[in-house]
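S.K.: The following block contains a protein sequence and its predicted model.
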Amino acid sequence: MKGYKILDYIIQNYYDYRFTIIVGYNDCVIGWCSESKRIIYSSKLIIDKIMYEQKSDYIEALEHFEFNILNAYFENKPIICEDHGI
């Protein structure tokens, strides 16, 4: 199931919860934590998307990811599965 379909499923089935979405990365959603009520994103998919969209190499994309997404402050921050080293 693609990320955007997973996100659509979450929105339809958990509409009564308030959660944070990382804008522009709906296709990088890999799941939902029912305990904490947070969306789970794949760091590998996010970094790959940054590399593709910005035509950058892995190091540049990783720096962008760490500075702008991983270390950014979000209320009810999504979970980032750190699978980019796999």
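M.R.: That came in fine, so what should we check first?
S.K.: What is the burial count for residue 76?
M.R.: Residue neighbour count, defined by other C-beta atoms under 10 Å, stands at 12 for residue 76. Glycine gets a C-beta too; all of them are placed from N, C-alpha and C.
S.K.: can I assume it is in contact with residue 19?
M.R.: Yes - with contact defined as C-beta atoms under 8 Å, residue 76 and residue 19 form a contacting pair (6.0 Å).
S.K.: joint contacts of these two?
M.R.: Common contact partners of residue 76 and residue 19 (C-beta atoms under 8 Å, 6 or more residues apart in numbering): 37, 38.
S.K.: quick one: the nearest residue to residue 36 once chain neighbours are set aside from residue 58, how far?
M.R.: Distance criterion C-beta to C-beta, 6 or more residues apart in numbering; nearest residue to residue 36, sequence neighbours excluded, is residue 79 at 7.3 Å. Residue 79 sits at a distance of 22 Å from residue 58 (criterion: C-beta to C-beta, to the nearest Å).
S.K.: quick one: residue 19 and residue 39 touch, right?
M.R.: Yes - here residue 19 lies in contact with residue 39, judged by C-beta under 8 Å, at a distance of 5.5 Å.
S.K.: Look at these two and report which has more neighbours.
M.R.: Neighbours were counted for residue 19 and for residue 39 using other C-beta under 10 Å; residue 39 has more, 29 against 18.
S.K.: Make sure I have this right: the more buried one is in a helix.
M.R.: No - read with DSSP: H, G, I helix; E, B strand; the rest coil, residue 39 is strand and lies in no helix.
S.K.: Sounds good, over and out.
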